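Novice: Everything below, folded, please.
(one chain, ligands or ions: 1)
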Amino acid sequence: MKILVINAGSSSLKYQLYDMTDESVLAKGLVERIGMDSSIVTHKPTGRPDVTEVSEILEHTTAIRKVLALLTDKENGVIESVDEIQAVGHRVVHGGEFFKESALVDAEAKSKIRQLFDLAPLHNPASMLGIKATEANMPGVPQVVVFDTAFHQTMPETAYLYAIPRVLYNKYKVRRYGMHGTSHDFVSKAAADFLGRPLEDLKIITCHIGNGASLTAVDGGKSVDTSMGMTPLEGLMMGTRSGDLDPAIVPYVMNKEELTVNEVNSMLNKHSGLLAISGISSDMREITEGMEKGDAHSKLAFDMYEYRLRKYIGSYAAALNGVDVIVFTAGVGENSVVLRKKVCENLTYLGVELDEELNAVRSGEPRRISSRNSKVEVLVVPTNEELVIARDTNRIVQSLNA
Ligand code: AMP
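Specialist: As a prediction, this is how the structure comes out:
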């Protein structure tokens, strides 16, 4: 079965075509600047040179038409005909309380995703554009939606409710939902596989630290707490997001600086985090470089980032009443040797002992970075959210045919 995985943003569309017989990626790519002056399409057929095109793509239906044309192109294509694509899987950020797992796209699923536009105003409308554009280009092909929030639906009330008037939950569903669920799910299962131990027996803290960052406490394979909240703003310090702060700062600053709701939202989501503290960049590579060259602001940004991450690991060890495995994943977690070293050096009270040589190894495979004597297994597990989407889509579509 060949499955197209689509991740639609408001002005972008990422895609990967999987052959599920061996879970190989036949091609992947990105359409950027949809609806703007000149859109850029980057198509990457596996094992062949990338193709970049600039063209006028005004909306998502045209973007998917372009993707299908590239996938079947005589020179740069990887399949003969669009008919070979038997299903499409979409990443959808917010599934609210409706979706505890991935689902087939039908009228009811679409209506629920629409009802969640308020909770994810930047993301869910874009996913809907992707779904509709797929319907227009590939009528009759089954589509599946895979949610960032679904894995966290196992959290207990104690973890997902905020200590604010209950009416806000009853009326507007204000609560913690968490994000990056496909990644936390994938790496916790991969960690158990790697260790050859039953997932049910393990207390795992998964650290998804990329441009956006979140931690999850996974008990016996189930998410019991996670650091992102109703939106991705809560929790760790991130590339451009503030993470946790005293909520009273928001009205105070709005008042002093005469900011609108949109302006304060933009400040906390786009102009905070590593970028704000370093004054240089939101990219951990540049922060590390700055720090190594002696830049005090970069060092402070790094230290704050590491300190907050370490505090969250400690609080999740408390939430789980112990920890067997800590997993690092995503851009920073998979690549930053120095951040992992600093975090682990400060977790000796949990019995964590890092093996510095193993920590310095680079590989695209799951690997152990803790020493033989460490009481906690510390792993680096490359995440693969697209593969989770392809697998879920495959499973749901196969069950239709069964
Ligand atoms: P992601 O959102 O998972 O794609 O992660 C993106 C982030 O990973 C970038 O913003 C970088 O800060 C970070 N990153 C990638 N490579 C490295 C590296 N070698 N060292 C430190 N950070 C890295």
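
Novice: Give me every residue in this structure lying close to the ligand.
Specialist: By Cβ under 6 Å from any ligand atom, the part of the chain that sits against the ligand consists of 210-211, 239, 283-285, 288, 330-332, 335-336. In this view, the C-beta of every residue, glycine as well, is placed from N, C-alpha and C.

Novice: let's see 5 Å
Specialist: Proximity of the chain to the ligand (Cβ under 5 Å from any ligand atom) is limited to residues 210-211, 283-285, 330-332, 335-336.

Novice: List the residues that contact D201.
Specialist: 220, 324 (Cβ atoms under 8 Å, 6 or more residues apart in numbering).

Novice: Distance check, it against the ligand.
Specialist: Counting by Cβ to the nearest ligand atom, to the nearest Å, the separation of D201 from the ligand is 29 Å.

Novice: got it, and M1?
Specialist: 28 Å.

Novice: Select only the buried ones of the residues of the chain next to the ligand in PyMOL?
Specialist: Of the residues of the chain next to the ligand, the buried ones can be selected in PyMOL as follows, counting by 16 or more other Cβ atoms under 10 Å:
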select buried, resi 210+211+283+284+330+331+332+335+336
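
Novice: Lowest pLDDT pick from the residues of the chain next to the ligand?
Specialist: Taking those together, the minimum pLDDT is found at N211 (90).

Novice: picking up where we left off before, go through the residues of the chain next to the ligand and flag which are in helices.
Specialist: Counting by DSSP state H, these place 284-285, 330-332, 335 in helices.

Novice: now for these, which pair is the farthest apart?
Specialist: R285 and A330 (13.7 Å; Cβ to Cβ).

Novice: What is the helix or strand containing I389 packed up against?
Specialist: Under the criterion of DSSP states H and E, I389 resides in helix 385-401. Packing partners of helix 385-401 (3 or more Cβ pairs under 8 Å, 6 or more residues apart in numbering; DSSP states H and E): strand 2-8, strand 13-19, strand 85-92, strand 103-104, strand 143-147, helix 181-195.

Novice: and among those, the most buried is which?
Specialist: When the helices and strands packed on helix 385-401 are scored by mean count of other Cβ atoms under 10 Å, the highest mean neighbour count falls to strand 143-147 (a mean of 27).

Novice: Got phi/psi on Y162?
Specialist: Dihedral pair for Y162: phi -90, psi 150, per degrees, to the nearest 10.

Novice: Thought R175 was touching it, still the case?
Specialist: Yes. Counting by Cβ atoms under 8 Å, R175 is a contact partner of Y162 at 6.6 Å.

Novice: Neighbour count: these two, which is higher?
Specialist: Shown here are Y162 and R175; by other Cβ atoms under 10 Å, R175 has more neighbours (19 against 15).

Novice: where do the contact lists of Y162 and R175 overlap?
Specialist: 169, 230.

Novice: could you dump the residues of the chain next to the ligand to JSON lines with distance to K110?
Specialist: JSON lines is the format used below for the residues of the chain next to the ligand (distance: Cβ to Cβ, whole Å):
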{"residue": "G210", "distance to K110": "29"}
{"residue": "N211", "distance to K110": "29"}
{"residue": "D283", "distance to K110": "37"}
{"residue": "M284", "distance to K110": "38"}
{"residue": "R285", "distance to K110": "40"}
{"residue": "A330", "distance to K110": "30"}
{"residue": "G331", "distance to K110": "32"}
{"residue": "V332", "distance to K110": "35"}
{"residue": "N335", "distance to K110": "38"}
{"residue": "S336", "distance to K110": "40"}
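
Novice: And the residues of the chain next to the ligand, which is closest to A120?
Specialist: N211 (17.5 Å).

Novice: wait, what's in contact with that closest one?
Specialist: Neighbouring residues of N211 by Cβ under 8 Å, 6+ apart: 238-240, 282, 331.

Novice: mind giving me JSON lines with those residues and columns for distance to D118?
Specialist: Below are those laid out as JSON lines (distance: Cβ to Cβ, whole Å):
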{"residue": "M238", "distance to D118": "23"}
{"residue": "G239", "distance to D118": "26"}
{"residue": "T240", "distance to D118": "23"}
{"residue": "S282", "distance to D118": "27"}
{"residue": "G331", "distance to D118": "30"}
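
Novice: which two of the residues you listed lie the greatest distance from each other?
Specialist: T240 and G331 (13.7 Å).

Novice: S111 - how many residues pack around it?
Specialist: 10.

Novice: in a helix, that's where it is, yeah?
Specialist: Yes. Checked against DSSP: H, G, I helix; E, B strand; the rest coil, S111 lies within a helix.

Novice: confidence score at it?
Specialist: According to the model, S111 scores 97 on pLDDT.

Novice: Next one: it relative to K171, how far apart?
Specialist: The gap separating S111 from K171 is 20 Å, by Cβ to Cβ, to the nearest Å.

Novice: Closest to the centroid, which residue in the protein?
Specialist: Nearest to the mean C-alpha position of the chain, by Cα atoms, centre = their mean, lies H180 at 3.6 Å.

Novice: How about the contacts made by the residue of the stretch 251-400 of the chain found nearest the ligand?
Specialist: Going by Cβ to the nearest ligand atom, the ligand is nearest to G331 of the stretch 251-400 of the chain, at 2.0 Å. Each residue near G331 by Cβ under 8 Å, 6+ apart is listed here: 209-211, 284.

Novice: and what of I85?
Specialist: I85 makes contact with 2-4, 17, 71, 79, 138, 141, according to Cβ under 8 Å, 6+ apart.

Novice: 10 Å instead, please
Specialist: Each residue near I85 by Cβ atoms under 10 Å, 6 or more residues apart in numbering is listed here: 1-4, 17-18, 68, 71-72, 79, 134, 138, 141.

Novice: and it, what pLDDT?
Specialist: I85 is assigned 98 on the pLDDT scale.

Novice: E32 reaches E53, doesn't it?
Specialist: No. E32 is beyond contact range of E53, at 11.2 Å (criterion: Cβ atoms under 10 Å).

Novice: Between those two, which contacts overlap?
Specialist: Residues touching both E32 and E53 by Cβ under 10 Å, 6+ apart: 39-42.
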